[in-house]
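J.: Based on what follows, work out the 3D shape:
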Amino acid sequence: MSGDYFTQATIFLVELFFDIFIIALLLRYLLTKAHADSFNPLSGLIIKITNPLLKPLRRKIPGYLGVDWSSIVALLLVQALEVTLVELIISGEMLAFSGLIILTLAHLLKTILYIYLFIIIVQVIISWINPDAYNPITMIMHQLSEPILRPVRRNVPSTGGFDFSPLIILVIINLLMILLISPLMDVGHSLRH
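T.: Model prediction:
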């Protein structure tokens, strides 16, 4: 019994360490795509956390067609390493390559969806409490969420001053979790060996 608790604790710590770094890498990529202010304190922290991996990769893998390929390669490698380590801890065996690829992509997509879910919920709460709040973190959240909220706002008019676009995006995110991420995870786990 105590071995199960130790295994769970080990998995928790591995996932925590890797997920923090993966979120930093994803935020750096998303902030770059959103042309967010690089002088923002949060942006500076993310750059400091991710530079040790990205700087050497950028020397080897250039950007192409407006895509930061070094960040994408870093995300895939770090996520694949996390999935592999967790699988080794659980079963003591390596994943089949096809299962590893599918689980890596599923985990990255899930993390992106969770980032947007968190940002939108926090923004909604802030808009209720203090709608005119200026804070470096709220500015970053706005810069990240606006590209996905803007198209919905264009197509769904506000009713009585109430903006339904965050609610619609939250519904879409949850549907993607159910209809895309869960099946991908199931397929990845079925291709274990």
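
J.: CA atoms for contacts and neighbours, from now on please.
T.: Fine.

J.: Would you check that residue 106 makes contact with residue 187?
T.: No - the pair residue 106 and residue 187 fails to qualify as a contact (CA atoms under 8 Å) at a distance of 9.9 Å.

J.: More neighbours: which of the two?
T.: residue 106 (23 against 16; other CA atoms under 10 Å).

J.: Quick check, pLDDT for that one.
T.: As predicted, residue 106 sits at a pLDDT of 96.

J.: what's near enough to touch it?
T.: 181, 184-185 (CA atoms under 8 Å, 6 or more residues apart in numbering).

J.: lowest-confidence helix or strand of the protein?
T.: Lowest on mean pLDDT, DSSP states H and E among the helices and strands of the chain sits helix 136-155, with a mean of 85.

J.: From the contact counts, what lies against that helix?
T.: Helices and strands touching helix 136-155, by 3 or more CA pairs under 8 Å, 6 or more residues apart in numbering; DSSP states H and E, are helix 2-33, helix 41-60, helix 97-129, helix 165-176.

J.: mind giving me TSV with these and columns for distance to residue 83?
T.: Formatted as TSV, these follow (distance: least, CA to CA, whole Å):
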stretch	distance to residue 83
helix 2-33	9
helix 41-60	19
helix 97-129	7
helix 165-176	21
